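K.L.:
Sequence first, then the predicted structure:
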Amino acid sequence: MADKLRIFVIPMFAYGADQLWYGWLKQRLEARKKFPMESYTVVELAPEKEKPIISDCVTKLKAAIGSKKEDLARTAIIGHSIGAQVALRALSEMPAGSSINGLLCVAGWLKLDLPTKAVKPWIDLPFDEARAKANAKRILNIVSGSDANQINALAVQEDWDKRLGAEVKIVREPGHFSNPEEEDVLNATLEFFGK
């Protein structure tokens, strides 16, 4: 069996560790005895889940995952919506060669069809996409064909491939992955990190 993974989950805007599918996913992964998980940590947005500031969020995630190369090699990050932005920006600030095992984005975005005022700074402020890509061994983004925030899933797929070399998987449902249980997220986690 491969080295056990340290899994870090970053929630979407306005949600915390005890909401949506975050706790459910942990329970489902723990129930899979062969899944290589050492730990599961939810790193909430900072300073508050409804007032995420880019620098605060990135600093908090970087502190959580640490900087030891051997730990980073066993680090799996799951970023939900704005959480994917936090993860990408943290990767873009890590030293070259500090590669994590992988980044799984859930409804991840680089731009939005209908951005809100709260997320506009995240779209407007660029980050080093090449370094983010280089510091993750692999990136997968699962998006919905029915997400009101990303109306054209095929355009999202093309954008992520072009800018980050990321694989994008489009699923029919469930909108912005905001349910208490998300089988598509579980399946993607098992397939992506269970290898």
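P.N.:
Noted; the coordinates are in hand.

K.L.:
Report the central residue of this structure.
P.N.:
Geometric centre of the chain, nearest residue: Gly79, 1.8 Å, by CA atoms, centre = their mean.

K.L.:
Can you check the pLDDT for that residue?
P.N.:
pLDDT for Gly79: 98.

K.L.:
can I assume it is in contact with Ile100?
P.N.:
No. Gly79 lies out of contact with Ile100 (CB atoms under 8 Å); the separation is 11.6 Å. Placement of C-beta: from N, CA and C, glycine included.

K.L.:
which residues in the chain form strands?
P.N.:
With DSSP state E as the criterion, the chain has strands at 5-10, 37-42, 47-48, 51-52, 75-80, 102-106, 139-144, 167-171.

K.L.:
Of all those strands, which one is nearest Phe177?
P.N.:
Ranking these by their distance to Phe177 (criterion: CB to CB) puts strand 102-106 first, at 5.1 Å.

K.L.:
helices or strands next to the closest one in the packing?
P.N.:
Helices and strands touching strand 102-106, by 3 or more CB pairs under 8 Å, 6 or more residues apart in numbering; DSSP states H and E, are strand 75-80, helix 82-93, strand 139-144, helix 183-193.

K.L.:
Reformat those as TSV; add distance to Lys49.
P.N.:
Conversion of the helices and strands packed on strand 102-106 to TSV gives the following (distance: least, CB to CB, whole Å):
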stretch	distance to Lys49
strand 75-80	12
helix 82-93	10
strand 139-144	22
helix 183-193	19
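
K.L.:
of those, which approaches Ile170 most closely?
P.N.:
Per CB to CB, nearest to Ile170 of these: strand 139-144, 5.6 Å.
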